[in-house]
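> Predicted model, plus sequence, below.
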Amino acid sequence: MENTEEFDVKPLISDGQNKGSVRCALCNSLILNPGMGEYRSEETALPNMRKRKDAECEEEEEPLSDFWFVRNVYTFENVGISKAKEGKKYLTCADCEIGPIGWCTLANDDCYVAIKRVKNIVSS
Amino acid sequence: MAKKSYDFLFKLLIIGDSGVGKTSILFRFSDDAFNTTFISTIGIDFKIKTIELRGKKIKLQIWDTAGQERFHTITTSYYRGAMGILLVYDISDMKSFENVMKWTRNINEHANEDVERMILGNKCDKESERMVTKEMGEQIAREHGIRFMETSAKTNINIEKAFTDLASAILDKTVGREAMDTSTRIDINRKTEERLNRCC
């Protein structure tokens, strides 16, 4: 989930969209159905999913570059939307609340799911 | 525009006293490793959950008061557009049950008058600490003409059922209204649609 190795997103994409369903990496809750997200490559850092116990690590962020772009929050099967912080809202698993798995705009319209932070189910 | 991925969108609220387990109703399991994350610090605004009822795909947009009730700041804006309300008390806390009356008045004052309501007696796994009998819950629900069930978020009793029963009641109402509108006047039908599409 939080390894920093390069990983190949190509097998996850079909026609520019998510080929398989997107599920929570922790509890397997269904987040997005196949074909409902568009692949976007852009650099965005998101706060870490786990905080370390010591307080000085709390603000750590992880740079991410591969996202599923989703046009509005109602496109998701299940998702949690955080309160706003510094002009952004963050996406979580609706069931176990792990996150941020992505972010969205204040109007809940443009959403970005970090591909590395979710389970992408592509059957071969 | 992208294809619409659902048939209906229902806005639901969870209200009740602090500590009755409103937030855990929306939380599948807890794990100490995750209770100090960035997300729990900023808090969750609302959740989207998708269910299927009678072949219709329904998006539930679910709001929990997240502590606002402590400051008595639950007002009209929170209730705006709500189609269903889960009113929660804790079976091991008599005060929270007594306050169901207070919440009912609050709902009557602020919410849309045809909002579907359901009372939930939560924490029914805590049988040894029970202060409110099931009959008391049933009686207050009957007096107000509201649905009722006992739930346990902790042991996952009736949680899914609470959401699907409430959604089902809203669906009955919505479909009934649409059918009537279609057969009478088209402009009313359009109004109903606008209402359904309205979101935050």
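Noted; the coordinates are in hand.
> Helix, strand or coil: sort out residue B:142 for me.
Classification of residue B:142 using DSSP: H, G, I helix; E, B strand; the rest coil returns helix.
> what residues are up against it?
Residue B:142 sits next to residue B:148 when contact means Cβ atoms under 8 Å, 6 or more residues apart in numbering or on different chains. C-betas here are computed from N, CA, C, even on glycine.
> per-residue confidence at it?
Residue B:142 is assigned a predicted lDDT (pLDDT) of 96.
> With the one 4 residues further on instead?
The per-residue pLDDT reported for residue B:146 equals 94.
> In three-state terms, label the nearest residue to it once chain neighbours are set aside for me.
Nearest non-adjacent residue to residue B:146, counting by Cβ to Cβ, 6 or more residues apart in numbering or on different chains: residue B:117, 4.6 Å away. Secondary structure assignment for residue B:117 (three-state DSSP): strand.
> From residue B:103, how far out is residue B:117?
Residue B:117 is 10 Å from residue B:103, where distance means Cβ to Cβ, to the nearest Å.
> more crowded one of the two?
residue B:117 (24 against 21; other Cβ atoms under 10 Å in any protein chain shown).
> Report the beta-bridge partners for that one.
As for beta bridges, residue B:117 partners with residue B:85 under DSSP bridges.
> Which stretches in chain B count as helices?
Here chain B has its helices, by DSSP state H, at B:22-25, B:38-42, B:76-79, B:94-110, B:134-144, B:159-183, B:186-197.
> how far does the third one sit from the chain's center?
Spelled out, it's helix B:76-79. With Cα atoms, centre = their mean, to the nearest Å as the basis, helix B:76-79 stands 14 Å off its chain's centre.
> Kindly report the same for the fourth one.
When distances are taken as Cα atoms, centre = their mean, helix B:94-110 is centred 14 Å away from the chain's centroid.
> before we move on, back to that, what is in contact with residue B:117 and residue B:103 at once?
Common neighbours of residue B:117 and residue B:103 (Cβ under 8 Å, 6+ apart) are residue B:87.
> got a list of what residue B:103 touches?
B:15-16, B:87.
> Looking at neighbours, which among these is most surrounded?
Using other Cβ under 10 Å as the neighbour test, the contacts of residue B:103 are led by residue B:16, with 26 neighbours.
> Report the beta-bridge partner residues of it.
Beta-bridge partners of residue B:16, as defined by DSSP bridges: residue B:88.
> My read is that it contacts residue B:89, right?
Yes. Using Cβ atoms under 8 Å as the test, residue B:16 is close enough to residue B:89 to be in contact (5.7 Å).
> Give the intersection of the neighbour lists for those two.
With contacts taken as Cβ under 8 Å, 6+ apart, residue B:16 and residue B:89 have B:96, B:99-100, B:120 as neighbours in common.
> out of those residues, what pair is the most spread apart?
Largest separation among the shared contacts of residue B:16 and residue B:89 by Cβ to Cβ: B:99 and B:120, giving 13.5 Å.
> For those two, list the residues in contact with both.
Residues touching both residue B:99 and residue B:120 by Cβ under 8 Å, 6+ apart: B:16, B:89.
> For these two, indicate the residue with more neighbours.
Between residue B:99 and residue B:120, counted using other Cβ under 10 Å, residue B:120 has the larger neighbour count: 31 against 18.
> Contacts only, for the closest residue to residue B:23 other than its chain neighbours.
Leaving aside its sequence neighbours, residue B:23 sits nearest to residue B:64 (Cβ to Cβ, 6+ apart; 5.6 Å). Applying Cβ under 8 Å, 6+ apart, we find residue B:64 in contact with B:13-14, B:22-23, B:25-26, B:44, B:46.
> Ignoring the adjacent residues along the chain, who's closest to residue B:86?
Leaving aside its chain neighbours, residue B:86 sits nearest to residue B:14 (4.8 Å; criterion: Cβ to Cβ, 6+ apart).
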